[in-house]
Each structure stands twice: as structure tokens, then as C-alpha cells.
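Visitor: Provide a 3D model corresponding to the input given below.
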Amino acid sequence: MQSGQFRHSNEDSLLALDLIDAAWDQAKENGVPHELMAYAAVFTGMRDLVSMFGETTVAAMVKSLETRVKQGEFSNADNPLH
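Guide: Residues are numbered from 1 along each chain as shown. As a prediction, this is how the structure comes out:
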């Protein structure tokens, strides 16, 4: 995805995160392991991104994830949305 292709307000992003967190909590209450929820969330997100932007664009985005993970971007619970 190129910069500007996917822009929403921080408020929209926080709402989306709150909804995912609520689904995560509900799954936990129903005995669904966290790793299965993580897999399902990644799969669903990737499927939706591919349908919106295409395989080539999403593959380029995914390629950047290794660096972002190693830099701790997804470990920072204080600021979940950068």
C-alpha cells in the first residue's frame, strides 16, 4: 500500500482496535486459544487487504513487517496505533 491509500482517523482506528479486543475477550471466555484468534485475525485481515488492494500491493506491505516486528512496533502496548 502506498502512503495515502489507506487513511482513516485515529478515532476510527481506535474503534476498530476496541472491537477486535472485545472479540478477543469473547473468544477467551469461550475457550478459544489466543494463537487461534491471532491466526484468524491475520488471515481475515490479509484476505480483506488482498481483496481491496491486490496480491502485489499486500505482498509488498507484508515484506516490511519483518523490520517493523524487529523494531518493536507491535510490542508497544502503550501506543497500539502509530
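
Visitor: in this structure, which spans are strands?
Guide: Counting by DSSP state E, no segments of the chain form strands.

Visitor: which outside residues touch the worst-scoring helix or strand of it on mean pLDDT?
Guide: The helix or strand of the chain with the poorest confidence is helix 65-70; it has a mean of 90 (mean pLDDT, DSSP states H and E). Residues from elsewhere that reach helix 65-70 (CB atoms under 8 Å, 6 or more residues apart in numbering): Phe74. Placement of C-beta: from N, CA and C, glycine included.

Visitor: to the chain's geometric centre, what's the distance from it?
Guide: The gap between where helix 65-70 is centred and where its chain is centred comes out at 13 Å by CA atoms, centre = their mean, to the nearest Å.

Visitor: ditto for stretch 62-78
Guide: With CA atoms, centre = their mean, you get 11 Å for stretch 62-78.
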